[in-house]
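Participant: sequence-free structure coming up:
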């Protein structure tokens with residue numbers, strides 16, 4: 001607060017230097033070490049602590065180590081998740097020892113889950129810092145186990161990893177300044193571009209009118225085609241004006257190539273009495289524990305490359321892989337007024353709606369999060385390419401098969417390969433909660449929006465989860481809000 005500066009720290013996945021054939025990486029549920037990536041969490045956290053930390057590094061890890069030693073109670077939710085993934089978690093001996101050293105009976109409700117291997121790893125990190133993960137014993141084990149599963153990783157991939165420290169991406173929106181995560185990630189730019197389009201096109205309350213709901217869906221589709229433009233360009237006034245005009249003329253989302261002159265998680269948002277705000281987000285960017293069952297020193301290795309072959313093909317081997325996370329801080333007259341972040345497959349939908357509700361509709365954070373939500377694309381639904389609404393020859397298609405069929409149709413319709421992502425999104429209906437006004441939803445459908453009304457309890461919902469802390473500009477009072485039904489708490493201390 002004293003300097004008015006905002007700092008951006010990032011630890012994105014990085015690809016392996018000798019992985020030059022990303023298109024051939026196996027898709028889940030096939031287990032392959034090639035689906036692993038260089039992790040960045042500890043590098044980013046240690047770098048942030050070295051620059052801004054006040055408490056001892058070892059003290060920050062002490063509560064987690066205590067939980068590893070003493071365990072956490074096994075409830076129905078945790079037991080259900082572990083047993084649902086039992087086949088993956090029992091595939092390799094290291095992972096089997098972590099989750100089933102006491103047999104399957106240990107996962108009965110009322111038991112305790114202890115993680116001594118992870119506790120050992122965290123103790124070493126407390127003593128040696130991030131170097132233990134990238135140059136020490138853990139790095140050796142990571143390379144050995146990932147290579148054993150076919151991964152093309154080397155010790156150099158880890159030893160040369162450095163977290164990214166940079167200035168945030170800035171965008172003027174509704175009389176405020178949004179400061180969010182910059183390149184190589186694209187989530188912040190997607191959020192900012194979407195908000196600027198909503199403002200430029202004067203979109204009103206999407207829950208009150210079908211026309212506004214229709215344009216909200218089109219802007220969500222439009223901003224999915226981000227690979228062709230740099231982050232700074234995407235938030236520029238000229239770019240936004242050009243996109244808005246093209247969308248109005250076309251009556252909806254426009255293929256990105258037409259705009260050219262020639263893409264399992266947690267977040268923490270906090271604010272203090274002195275005006276400091278922090279927004280942090282972390283994701284393994286895959287299903288629970290992934291599909292490989294690789295576990296190194298108590299840390300499960302995700303298979304985040306198993307569904308991102310197209311994105312991997314767009315970056316050089318050894319480069320950072322962009323991700324859609326969007327931790328952001330909103331400023332007014334140089335003062336931070338809102339810190340927020342989101343997770344889930346529908347993270348961009350809920351982020352765009354909540355910030356639009358506050359900036360354009362004048363709601364506070366607590367009122368905004370109580371509104372019915374538009375979520376992400378319904379991968380269980382989709383276009384008629386999925387014959388018989390998900391059936392082929394009388395057989396129910398798997399999710400992987402459905403996505404493959406949709407990708408095939410998107411390729412045939414895109415024409416320009418650079419439009420593939422946007423075309424795929426246009427084939428998929430967005431999920432909207434059943435509590436949304438049916439007449440408004442029907443009006444948006446009549447306008448051309450693909451929308452699936454779904455119960456909040458429906459497990460197929462492509463959910464987005466959002467949380468934010470808002471500071472009142474006049475009184476300094478803090479208010480917190482988060483997506484209803486999500487885990488986690490809003491805590492004042």
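Facilitator: In hand now; what should we look at? Just so you know, these numbers come straight off a predicted model, no measurement behind them.

Participant: which ones are touching the residue nearest to residue 326 when sequence neighbours are not counted?
Facilitator: Spatially, and ignoring its direct neighbours in sequence, residue 326 is nearest to residue 187 (3.7 Å; C-beta to C-beta, 6 or more residues apart in numbering). No exception for glycine: its C-beta is placed from N, CA and C like everyone else's. Each residue near residue 187 by C-beta atoms under 8 Å, 6 or more residues apart in numbering is listed here: 180, 181, 323, 324, 325, 326, 347, 348.

Participant: So what touches stretch 280-288?
Facilitator: 13, 28, 41, 81, 84-85, 264-269, 290, 300, 302-304, 306-308, 323, 325-327, 341-343.

Participant: what's the burial count for the closest residue to residue 189 other than its chain neighbours?
Facilitator: Leaving aside its sequence neighbours, residue 189 sits nearest to residue 231 (C-beta to C-beta, 6+ apart; 3.9 Å). Using other C-beta atoms under 10 Å, residue 231 is surrounded by 23 other residues.

Participant: Going by contacts, tell me the helices and strands next to the helix or strand containing residue 423.
Facilitator: Assessed by DSSP states H and E, residue 423 sits inside helix 420-427. Judged by 3 or more C-beta pairs under 8 Å, 6 or more residues apart in numbering; DSSP states H and E, helix 420-427 is in contact with helix 210-222, helix 399-414.

Participant: What is whichever helix or strand comes after it packed up against?
Facilitator: Using DSSP H and E, the helix or strand that directly follows helix 420-427 along the chain is strand 430-433. Packing contacts for strand 430-433, counted by 3+ C-beta pairs under 8 Å, 6+ apart, involve strand 374-377, strand 451-454.

Participant: in its sheet, what does the last one sit against?
Facilitator: Neighbouring strands of strand 451-454 in its sheet, by DSSP bridges, are strand 430-433 (parallel).

Participant: ok, residues contacting the partner strand?
Facilitator: 217, 220, 346, 349, 372-378, 441, 449-456, 461-463.

Participant: ok, how many other residues are close to residue 83?
Facilitator: Neighbours of residue 83 using other C-beta under 10 Å come to 13.

Participant: likewise residue 475?
Facilitator: 7.

Participant: now do residue 371
Facilitator: Close neighbours of residue 371, defined as other C-beta under 10 Å, add up to 19.

Participant: quick one: it and residue 483, what's the gap?
Facilitator: Residue 371 is 11 Å from residue 483, where distance means C-beta to C-beta, to the nearest Å.

Participant: So residue 318, which state does it fall into?
Facilitator: coil (DSSP: H, G, I helix; E, B strand; the rest coil).

Participant: one step back: can I get the helices and strands packed on strand 430-433 in CSV with distance to residue 122 and mean pLDDT?
Facilitator: Output for the helices and strands packed on strand 430-433, formatted as CSV (distance: least, C-beta to C-beta, whole Å; pLDDT from 0 to 100):
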stretch, distance to residue 122, mean pLDDT
strand 374-377, 33, 88
strand 451-454, 39, 91
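
Participant: coming back round to it: which of the contacts of stretch 280-288 are buried?
Facilitator: 13, 28, 41, 85, 264-265, 267, 269, 290, 300, 302-304, 306-308, 323, 325-327, 341-343 (16 or more other C-beta atoms under 10 Å).
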